[in-house]
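S.K.: need a 3D model of the sequence below.
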Amino acid sequence: MRARLLAGTIELLQKKPGYLPTTYQLARHVHVSIGTVYRYFTDIESVMDELRTATIHDITTRLATGIGRAMDQAPADAIVTIVETLTSAFEEHEAVVRTAFAAGGSELGGQWKDIERPLLPLARIMPTRIRPDLDDDVLDDLVFLTMGATASLCMRVALFRPAGSDRTMLVATTARMLLAAFEGADSG
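M.R.: Presented below is the predicted three-dimensional model:
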């Protein structure tokens, strides 16, 4: 039942992007009593907390897998793999991510550090391969900036690209921008 309520919430979020449904609307949508909803969740925010946690876990897992696939690729191809992976993850979780933005961005934005933290060691691999001449402090600064830029750019491509735009071209352009940041970094 818990999974059914979570799936029902996602369906409601997809129907009205950015709008947070009520527990009553969820109960009606899933065809259960309001008591059934409250048996599993204290309020709609607790439903959203669980969805955000699952979203963050899935994005983190997919991104770590993408970084792993990218390790043996040429730098330009590796960056495309990472950008494609993160963009696809945002697209898959669009309903939850859009709702976080509509609520002021604090929910997912505040938890973005939970996505980044376990990936920091992996995030250093690509810049280190591309720029082995960089010292640790410069590398840390570069990773800090490019992780934020990657997240922002991938989210724009996934959720906010104009109708009719070429997704493949946007992913490739994002990858080239990130690669340029690595290649152009000052060695200190």
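
S.K.: ok, the residue lying closest to residue 179 once chain neighbours are set aside to residue 153 distance?
M.R.: The spatially closest residue to residue 179, leaving aside those adjacent along the chain, is residue 79, at 5.1 Å (Cβ to Cβ, 6 or more residues apart in numbering). In short, each C-beta sits where N, CA and C put it, glycine included. Counting by Cβ to Cβ, to the nearest Å, the gap between residue 79 and residue 153 amounts to 11 Å.

S.K.: need the overlap of contacts for the two.
M.R.: Residues touching both residue 79 and residue 153 (Cβ atoms under 8 Å, 6 or more residues apart in numbering) are residue 178.

S.K.: look at the two and report which has more neighbours.
M.R.: Of the pair residue 79 and residue 153, residue 79 is the one with more neighbours under other Cβ atoms under 10 Å, namely 27 against 21.

S.K.: before we move on, back to that, how about the helix or strand hosting the residue nearest to residue 179: buried residues?
M.R.: Assignment of secondary structure by DSSP states H and E places residue 79 within helix 75-92. Applying a neighbour-count criterion of 16 or more other Cβ atoms under 10 Å, the buried positions in helix 75-92 are 75, 78-90.

S.K.: and the furthest pair within those residues?
M.R.: Pairwise distances across the buried residues of helix 75-92 (Cβ to Cβ) peak at 22.8 Å, for the pair 75 and 90.

S.K.: next SSE downstream of the host helix or strand of residue 117?
M.R.: Assessed by DSSP H and E, residue 117 sits inside helix 106-123. As assigned by DSSP H and E, the chain's next helix or strand after helix 106-123 is helix 125-130.

S.K.: now the helix holding residue 79: mean pLDDT?
M.R.: Averaged over helix 75-92, pLDDT sits at 96.

S.K.: put the alpha carbons of it into PDB.
M.R.: Once non-C-alpha atoms are left out, helix 75-92 reads as follows in PDB (Å, rounded to 0.1, in the frame of the first residue of the first chain):
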ATOM      1  CA  PRO A  75      37.700  12.800 -21.900                       C
ATOM      2  CA  ALA A  76      35.200  14.300 -24.300                       C
ATOM      3  CA  ASP A  77      33.200  11.100 -24.500                       C
ATOM      4  CA  ALA A  78      33.400  10.700 -20.700                       C
ATOM      5  CA  ILE A  79      32.000  14.100 -20.000                       C
ATOM      6  CA  VAL A  80      29.100  13.400 -22.500                       C
ATOM      7  CA  THR A  81      28.400  10.100 -20.600                       C
ATOM      8  CA  ILE A  82      28.300  11.900 -17.300                       C
ATOM      9  CA  VAL A  83      26.100  14.700 -18.600                       C
ATOM     10  CA  GLU A  84      23.700  12.300 -20.400                       C
ATOM     11  CA  THR A  85      23.500  10.100 -17.200                       C
ATOM     12  CA  LEU A  86      22.600  13.100 -14.900                       C
ATOM     13  CA  THR A  87      20.200  14.700 -17.500                       C
ATOM     14  CA  SER A  88      18.400  11.300 -17.900                       C
ATOM     15  CA  ALA A  89      18.100  10.900 -14.100                       C
ATOM     16  CA  PHE A  90      16.600  14.400 -13.700                       C
ATOM     17  CA  GLU A  91      14.200  13.600 -16.600                       C
ATOM     18  CA  GLU A  92      13.100  10.400 -14.900                       C
END
